[in-house]
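# This is the structure alone, sequence omitted:
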């Protein structure tokens, strides 16, 4: 499923984000940039130790921030590590909005034309997936309405229930274009 936004496209896919052939994938990171489980663990396993080594050199970011590393052995040239909020820490919606926006800005700086996002913070950080979909899709739409070289923003959901939530929210957003 996809929706056109100005000269770009927002697209939904179901599967493993680490298998996508895009310029950059986004890691649902913690602020310390330690590649543990979930999306980060898959990136570490498939991308190799170079990604964690580069994260260690960077040292971390703030919640809502984003930094880029090499893609290591992944098809993607870059991994953009977006530090998402943990439920209960306060101001979670704004922090997720910032993590999405800052990821897009880092992608722009790196000359990325195609970027893929997971559902940031919806795993062990406990962020509700419906809220996540609405925030991330709207922030991406708003960004693509401006001047950008990014032509494709993909949301890659690992399972069917997650895909269905994003698909439903994308339909709602498309009806407001």
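Perfect, I can see it now. Predicted, not measured: the structure shown is a model, and the values here were computed from it.

# going forward, measure contacts between C-alpha atoms and count neighbours the same way
Noted.

# now the strands for the protein?
2-5, 8-14, 24-29, 66-70, 78-83, 114-117, 152-157 (DSSP state E).

# any chance of those strands in TSV, plus distance to residue 166?
Supplementary listing: the strands of the chain in TSV, determined by distance: least, C-alpha to C-alpha, whole Å:
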stretch	distance to residue 166
strand 2-5	11
strand 8-14	8
strand 24-29	16
strand 66-70	22
strand 78-83	19
strand 114-117	12
strand 152-157	8
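
# Surely residue 35 is in contact with residue 44?
Yes. Contact status for residue 35 versus residue 44: in contact at 6.2 Å, counting by C-alpha atoms under 8 Å.

# show me the biggest helix of the chain in terms of residues.
Looking across the chain with DSSP state H, the single longest helix is helix 92-109.

# what about that helix, average pLDDT?
For helix 92-109, mean pLDDT rounds to 98.

# Which secondary structure elements does that helix sit against?
strand 66-70, strand 78-83, helix 129-144 (3 or more C-alpha pairs under 8 Å, 6 or more residues apart in numbering; DSSP states H and E).

# Give me whichever of the ones you listed is most buried.
strand 78-83 (a mean of 28; mean count of other C-alpha atoms under 10 Å).

# Name the residues that touch it?
With contact meaning C-alpha atoms under 8 Å, 6 or more residues apart in numbering, strand 78-83 is reached by 23-31, 33, 61-72, 99-100, 102-103, 106-107, 120.
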